[in-house]
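Chemist: next input, structure requested:
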Amino acid sequence: MKRGVLKRILIIDTALLTPMNDGTLERIHISRSPLAIMVLNATDPAGQDYQKTRRETLLTLAEEIVLLMLEDESGKFVHVPEHSVSYALSGAVLMDLAFEGKIDTDPERLFVTDREPTGDDLLDSALQDICASEGQHDSRYWVEFFSRKSADIRRASLDRLCANGILREEENLFLWVFRSRRYPTREGAVERREVKLRIMSLLFSDEIPEPRDIAIIGLADVCRIFEHLLARPERERVRDRINQIRKLELIADTVVTAVREIETRIAQSMTMHPM
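Modeler: Coordinates of the predicted model:
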C-alpha cells in the first residue's frame, strides 16, 4: 500500500463506504460483514475531512488493546503479565504515530517524518518526546521508553472510552478497605464486541487484514491476550496464521519484534537470576 493511503475501519451498520471523485461517499450495502470499511486517500479533500473527524469514530490502537484486555461479563482486566501490557501499550502508541504518517523505521532506527501535531493529546505528547530526543534510536529503545508511561497510556485510554460512552467506570470495596475498579460495557455500546469479533474473524479465515488489524493482532499476541480469548487447541490452530499476519506490515512487524526481543531478554534474566 502506498504511503499516504490510509485504510480505516468504522462501525456503520452493514455498509461499505467508498470516496467518489467529488469527495462524497458512496454507500454500498453488503451482507457478508457487520463492518463498514472506509478507504480514503489522506492527500485528497475527502481524506483531509476524514482525518479531521477520524478520532470521533475510530478507536486508537491502545484503546482497542484495553478493550481486548477486559472481560466481557465482569469488566475486570484479564490476568496478563504487567510488563507485557506495558510494552503492548507502548507499541500501540508508536504504531498509531506510524499510521498517522508521523514516524517510520528502518532496520537501525526510528525517525520522525512529520512534526505536525495529530490533534490527539496522547499521540502528540509521544511525538514531542521523539522529536525532542538527541540522536537516533531504534524501535526497541522507544518501546522501552514509552513503556515507562504505560500507566498514563492506559488511564488516558480508559478515560476516553468512558467519555465516549463505550465503558463505564465502577469502583467497589473489597473487605470494606481495598478499592477495585471495573469497566463494564455501557448498554448499546458495541465496540468491545466488535473488536473481538473482527480479530477472531481474521484469525480463522484467509482474509487479508487491514494494517491496523495486523498491529492489533501482533500486540495482542505479545501481551498474551489470546490465552484468555481462545482455548489452547484454538490457539495452536491459529499460531501459524498469527505469525503470517504479523509479517504483512513492516512497521507493525518491526515494533512487535522489538517488544518480543525485550520480553525474551527479561525471561532470560529471570532464568539466570531467579527470585
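Chemist: burial of Gly119, as a residue count?
Modeler: Neighbours of Gly119 under the rule other C-beta atoms under 10 Å: 12. All C-beta atoms are positioned from the backbone trio N, CA, C, and that covers glycine.
Chemist: over to it: give its phi and psi.
Modeler: Backbone torsions for Gly119, taken as degrees, to the nearest 10, come to phi 90, psi 0.
Chemist: how near is it to Ala156?
Modeler: Counting by C-beta to C-beta, to the nearest Å, the gap from Gly119 to Ala156 is 15 Å.
Chemist: so how far is stretch 112-132 off the chain centroid?
Modeler: 17 Å (C-alpha atoms, centre = their mean, to the nearest Å).
Chemist: Leu70 and Leu167, how far apart?
Modeler: For Leu70 relative to Leu167 (C-beta to C-beta), the value is 8 Å.
Chemist: give me the common contacts of those two.
Modeler: Tyr183, Arg192 (C-beta atoms under 8 Å, 6 or more residues apart in numbering).
Chemist: more neighbours: those two, which one.
Modeler: Leu167 (26 against 20).
Chemist: so what's the residue nearest the centre of the chain closest to, chain neighbours aside?
Modeler: Centroid-nearest residue in the chain, with C-alpha atoms, centre = their mean: Leu61, separated by 2.1 Å. Excluding the flanking residues, the one nearest Leu61 by C-beta to C-beta, 6 or more residues apart in numbering is Ala92, at 3.8 Å.
Chemist: and stretch 225-240, how far from the chain's centre?
Modeler: Centre to centre, stretch against its chain (C-alpha atoms, centre = their mean), the figure for stretch 225-240 is 19 Å.
Chemist: enumerate the positions of that stretch that are buried.
Modeler: Ile225, Phe226, Leu230, Val238 (16 or more other C-beta atoms under 10 Å).
Chemist: max pairwise distance over these: which two?
Modeler: Ile225 and Val238 (12.9 Å; C-beta to C-beta).
Chemist: so where's the stretch 101-250 of the chain shaky on pLDDT?
Modeler: In the predicted model, the stretch 101-250 of the chain carries pLDDT under 70 at residues 172-180, 182, 188.
Chemist: residue boundaries of the strands in it?
Modeler: 103-106, 109-112, 170-174, 178-182 (DSSP state E, counting those that start in this stretch).
Chemist: end to end, how far does stretch 58-76 reach?
Modeler: Terminal residues of stretch 58-76 lie 23 Å apart, using C-alpha to C-alpha, to the nearest Å.
Chemist: quick one: average confidence on that stretch?
Modeler: Averaged over stretch 58-76, pLDDT sits at 89.
Chemist: now stretch 257-272
Modeler: On average, stretch 257-272 scores 74.
Chemist: begin at 20 from now on, thanks
Modeler: Yes, from this point I'll number from 20; that puts the last item at stretch 276-291.
Chemist: residues in contact with it: which ones?
Modeler: Stretch 276-291 has contacts (C-beta under 8 Å, 6+ apart) with 102-103, 106-107, 109-110, 157-159, 162-163, 238, 241.
Chemist: so how far is that stretch from its chain's centroid?
Modeler: Put simply, stretch 276-291 sits 22 Å off its chain's centre (C-alpha atoms, centre = their mean).
Chemist: surely Pro100 meets Arg243?
Modeler: Yes. The criterion here is C-beta atoms under 8 Å, and Pro100 meets it with Arg243 at 6.8 Å.
Chemist: so these two - more neighbours on which side?
Modeler: Neighbours per residue (other C-beta under 10 Å) separate Pro100 from Arg243, with Arg243 holding more: 16 against 12.
Chemist: OK, contacts around Ser166?
Modeler: His102, Ser105, Tyr106, Leu108, Ser109.
Chemist: I meant to write Arg205 there.
Modeler: So Arg205 contacts Gly184, Ile185, Leu186, Arg187 (C-beta under 8 Å, 6+ apart).
Chemist: having no further points to raise, I will conclude here.
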